[in-house]
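K.L.:
I'll drop the sequence and a predicted model, then ask my questions.
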Amino acid sequence: MGLDQYAYAVRPNPMNTDFAFEQKVNGEKSYHEIAYWRKHSNLQGYMERLYLRKATEQGFDNGNKGWGGETNCFNCQPVRLTFQDLAELEAAVKGEALPHTTGFFFGESQPEDKKDDLAFIKAARKAMSQDMEIYYDSWW
């Protein structure tokens with residue numbers, strides 16, 4: 001058990017939202033994995049803050065309850081990333097400003113995660129330049 005994190009490049013679809021994407025289009029898988037992390041807790045904390053900001057702005061509640069009973073729990077919940085989101089993430093990664101985050105299943109971020117984060121940002125920008133949408137998702 002533990003925190004597994006994924007980033008996907010997704011074909012655009014009118015049904016996609018900031019919090020969900022169509023997994024099949026015309027019977028074919030509409031996404032592919034562009035990054036995977038295992039127990040990178042600080043990235044999870046960063047993405048959770050991003051998700052909660054977007055969810056609050058849009059009045060979105062996924063109905064998930066956390067271990068402590070909190071609502072809108074960020075688990076098994078995709079969040080779409082924009083070019084601006086990637087720029088802010090890149091600044092946080094380069095500035096070593098990802099928030100220190102803990103969780104029962106989260107493990108700890110490692111210094112080598114920075115290289116993987118920057119590789120993800122590069123791959124995400126490339127996919128977006130090819131008209132793909134980028135989503136982050138996690139499961140713990």
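P.N.:
Received the coordinates, thanks. Residues are numbered from 1 along each chain as shown.

K.L.:
burial of Ala124, as a residue count?
P.N.:
26 (other C-beta atoms under 10 Å). Using the backbone N, CA and C atoms, a C-beta is placed for each residue, glycine as well.

K.L.:
In three-state terms, label it for me.
P.N.:
Classification of Ala124 into helix, strand or coil gives helix, according to DSSP: H, G, I helix; E, B strand; the rest coil.

K.L.:
The residue nearest to it when sequence neighbours are not counted: which element?
P.N.:
Nearest residue to Ala124, sequence neighbours excluded (C-beta to C-beta, 6 or more residues apart in numbering): Ile134, at 4.6 Å. When secondary structure is defined using DSSP states H and E, the element that contains Ile134 is strand 133-139.

K.L.:
pLDDT of stretch 32-50, averaged?
P.N.:
For stretch 32-50, the mean per-residue pLDDT is 98.
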